[in-house]
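Peer 1: Fold the following.
(one chain, ligands or ions: 2)
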Amino acid sequence: MTSLQTIASCIADYDPNALPVNAARAIVSQWATPVATIERLALRDALDRVLADDVVSPLDVPAHDNSAMDGYAFDGATLERGGTIRLRVAGTALAGRAYDARVRSGDCIRVMTGAILPADCDTVIPQEQVAINGDGSIQFLAAALARGANRRRAGEDLRSGHAALLAGRVLRASDLGLLASLGLGEVPVRRRLRAAFFSTGDELRSLGQPLAPGCVYDSNRYTLYGMLRRLNVEVIDLGVVPDDRHALEAALRNAAASADVVLSSGGVSVGDADYTRELMGRLGDVAFWSIAMRPGRPFAFGRIWSGKRVGEGHDALYFGLPGNPVATMVAFYQIVRDALISMTGALPRPVPLIAASALDPISKRPGRTEYQRGIARRRDDGRWEVALTGAQGSGILRSMSDANCFVILDHQRGPVAVGDTVDIMPFDGLI
Ligand code: AMP
Ligand code: MG
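Peer 2: Ligands and ions are numbered 1, 2, ... in the order given. Predicted coordinates:
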């Protein structure tokens, strides 16, 4: 396995103390390999799961040319006669029941939507467009339709032998229907990714405990739970871990034993990291970064093992997120999310950026990427404008709840004046 140092050394200007967001993403993505285990699931259980193989259609859907309307099927060559077309109704074809006899020129058959078109018929006139004569025959103007009208072709939905769905797709409601239309009752999907997470900090209290002076309730475990569940990841909540080397070692090893990926929050900033660094050096291959972003600067990344030292036991990817509640979320969405999606085996799901006009001035200096929280609105002229949610401190979780987008100010950007264009990343689809 390539060591983190080797990977990092391939990144131009690798500086763990001022790592650009893109460089951090590039390093992380190299270690994000998909869960290998594949399971076969009944169709309904496969909703929101990641397809592990391409699904090749075993049949044409629809299997035969059939009628798109309730009406009358006939040989479209008849239309060349022009004027008023008069046809004798020779029989009926219902959905699911074929009409086997020949249909002669000058005849038609009554068809219902979905009925197989007899070989002699390639055109259907809808019932609303015909007049029925006293003798039961029908008539209509030739100009009313073209040859081939209202015919669904065999295989127009899915062709036998062609890929109907590609590996890496997260199965949606329409996909379940599509698979059913191919007669497939089971599909191969990847095992759900297992993510273990815990919070660190002596000051943290769990819900239900009294709050002593200087203590705060642990909110990160709840945001992390929500963010992970949105990616349909299996979550293992390991609780609050005090700032203690033995407790941290036990939590990390326990997490590495049971999960594919371990996330912790807190305890990775410069002052905190001393014994964490020593521990990580023994249990894993972990780098401590200061990412050139705000919020979310302190960050740890690597691989940890469940045994007493590197290479022993079960291993898991490790993300050490900053403790401040907004920083935890921003680091998750901007650095961790794509990696977790890759690990589930799903194809990338980039969130689109939209250009918006700033309603507030924003102070910003070049040299770091900022993720401010904004409320964006589409104006009547179709353009977007965005206001900030107010105080942007990395501890003010309310700024995330009030916002509907990130305002992304990229690495080189300087201050923003009212009316300047900024990029926004809508939360819809992200959160
Ligand atoms: P740290 O990264 O551990 O230095 O924590 C930075 C700040 O985030 C401190 O004010 C912590 O109290 C706060 N914090 C850390 N973890 C959590 C958590 N799980 N829930 C709420 N606040 C936290
Ligand atoms: Mg702490």
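Peer 1: need the residues of the chain near ligand 1, please.
Peer 2: The chain has residues 199, 201, 203-204, 216, 218-220, 265-267, 269, 272, 322-325 near ligand 1, with proximity defined as CB under 6 Å from any ligand atom. No exception for glycine: its C-beta is placed from N, CA and C like everyone else's.
Peer 1: ok, and which of the residues you listed reach ligand 2?
Peer 2: Taking CB under 5 Å from the ion as the test, ligand 2 is in contact with G201, G266, G267, G323 out of the residues of the chain next to ligand 1.
Peer 1: Neighbour count added to the residues you listed, as JSON lines?
Peer 2: Shown next, in JSON lines, are these (neighbours: other CB atoms under 10 Å):
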{"residue": "G201", "neighbour count": "19"}
{"residue": "G266", "neighbour count": "25"}
{"residue": "G267", "neighbour count": "22"}
{"residue": "G323", "neighbour count": "23"}
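Peer 1: Near D60, how many other residues are there?
Peer 2: Neighbourhood size, D60 [other CB atoms under 10 Å]: 18.
Peer 1: the helices in the stretch 301-431 of the chain, which residues?
Peer 2: Per DSSP state H, counting those that start in this stretch, the stretch 301-431 of the chain carries helices over the ranges 325-331, 337-344, 398-402.
Peer 1: most packed of those helices?
Peer 2: With neighbours taken as mean count of other CB atoms under 10 Å, the helices of the stretch 301-431 of the chain reach their highest mean count in helix 325-331, at a mean of 26.
Peer 1: that older thread, filter the residues of the chain next to ligand 1 down to the buried ones.
Peer 2: Buried by 16 or more other CB atoms under 10 Å: 199, 201, 204, 218-220, 265-267, 269, 272, 322-325, out of these.
Peer 1: And A90, how far from I109?
Peer 2: Going from A90 to I109 by CB to CB, to the nearest Å gives 6 Å.
Peer 1: try I132
Peer 2: I132 is 14 Å from I109, by CB to CB.
Peer 1: who has more neighbours, these two?
Peer 2: Set side by side, I132 and I109 show more neighbours around I109, with 24 against 11, by other CB under 10 Å.
Peer 1: sorry, back to before: could you name every residue contacting both of A90 and I109?
Peer 2: V103 (CB atoms under 8 Å, 6 or more residues apart in numbering).
Peer 1: follow-up on the earlier one: mind listing which of the buried ones among the residues of the chain next to ligand 1 are in helices?
Peer 2: N220, P325 (DSSP state H).
Peer 1: In the buried ones among the residues of the chain next to ligand 1, which has the lowest confidence score?
Peer 2: Within these, D272 has the lowest pLDDT, namely 76.
Peer 1: I'd assumed G266 was in contact with that residue.
Peer 2: Yes - with contacts counted by CB atoms under 8 Å, D272 reaches G266, the gap being 7.5 Å.
Peer 1: residues of whichever strand or helix holds V262 that come out buried?
Peer 2: Following DSSP states H and E, one finds V262 within strand 261-265. Under the neighbour-count criterion of 16+ other CB under 10 Å, strand 261-265 has V261, V262, L263, S264, S265 buried.
Peer 1: which residue packs closest to the spatially most central residue of the chain, ignoring adjacent ones?
Peer 2: Central residue of the chain (CA atoms, centre = their mean): R349, 5.0 Å from the mean position. Sequence neighbours aside, I341 is the residue nearest to R349 in space, at 5.8 Å (criterion: CB to CB, 6 or more residues apart in numbering).
Peer 1: wait, the one you found sits on L231?
Peer 2: Yes - with contacts counted by CB under 8 Å, I341 reaches L231, the gap being 6.6 Å.
Peer 1: Report the contact partners of G226.
Peer 2: Contacts of G226 (CB under 8 Å, 6+ apart): none.
Peer 1: tell me which element it falls in.
Peer 2: helix 220-230.
Peer 1: buried ones in that helix?
Peer 2: By 16+ other CB under 10 Å, the buried positions in helix 220-230 come out as N220, R221, T223, L224, M227, L228.
Peer 1: residue contacts, the first one?
Peer 2: Shown here is N220, whose contacts under the criterion CB under 8 Å, 6+ apart are S199, S265, G266, L321, G323, P325, T328.
Peer 1: again with the fourth one
Peer 2: When contacts are counted by CB under 8 Å, 6+ apart, L224 is found next to F197, L263, S265, T328, F332.
Peer 1: Do I have it right that the second one meets L321?
Peer 2: Yes - in terms of CB under 8 Å, L263 counts as a neighbour of L321; the distance is 6.2 Å.
Peer 1: Spit out the residues that contact those two alike.
Peer 2: In contact with both L263 and L321: F332, V336, using CB under 8 Å, 6+ apart.
Peer 1: Which one of the residues in this protein is closest to ligand 1?
Peer 2: Relative to ligand 1, the nearest point of the chain is G323 (2.6 Å; CB to the nearest ligand atom).
Peer 1: which residues does the spatially closest residue to that residue that is not a sequence neighbour contact?
Peer 2: Closest residue to G323 apart from its sequence neighbours, by CB to CB, 6+ apart: G266 at 3.1 Å. By CB under 8 Å, 6+ apart, the contact list for G266 reads S199, T200, G201, L204, N220, D272, L321, P322, G323.
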